[in-house]
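In: quick one: sequence and predicted model below, then my questions.
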Amino acid sequence: MDDITVRVGFRIRRIREHKGISQEELAGRADLHRAYIGQIERGEKNIGVRNLEKIAKAMEQTLWIKLSN
């Protein structure tokens, strides 16, 4: 996967761990499969915007995007 996929996954993992949430709990909160959460965190899956929003809401995080370089 590309660098952005790895960076997003790493950031999700850091926030999840900081909040003390397991992958299984996050998956349940976001209505996603636990294996999918693991693949995202490892940068193996290219996460869609809707699923990114689900994860952000499940971790009570704001979702923002820098659109310009």
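Out: Sure, I can see it. Numbering: from 1, shown residues only.

In: output the below-cut-off pLDDT ranges for the protein.
Out: Counting by pLDDT under 70, the ranges of the chain that qualify are 1, 65-69.

In: so where's the longest helix in it?
Out: Identified as the longest helix of the chain according to DSSP state H is helix 3-18.

In: need the next SSE after it, C-terminal direction.
Out: helix 23-30 (DSSP states H and E).

In: contacts for that next one, please.
Out: 16, 21, 32-34, 36-38, 41, 51, 54-55, 57-59 (Cβ atoms under 8 Å, 6 or more residues apart in numbering). In short, each C-beta sits where N, CA and C put it, glycine included.

In: could you dump that helix to CSV, C-alpha only?
Out: Output in CSV follows, covering the C-alpha atoms of helix 23-30 (Å, rounded to 0.1, in the frame of the first residue of the first chain):
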residue,chain,number,x,y,z
GLN,A,23,-9.6,-3.7,17.9
GLU,A,24,-12.6,-5.8,18.6
GLU,A,25,-14.3,-3.0,20.6
LEU,A,26,-13.6,-0.4,17.9
ALA,A,27,-14.9,-2.8,15.3
GLY,A,28,-18.1,-3.2,17.3
ARG,A,29,-18.6,0.5,17.8
ALA,A,30,-18.0,1.2,14.1
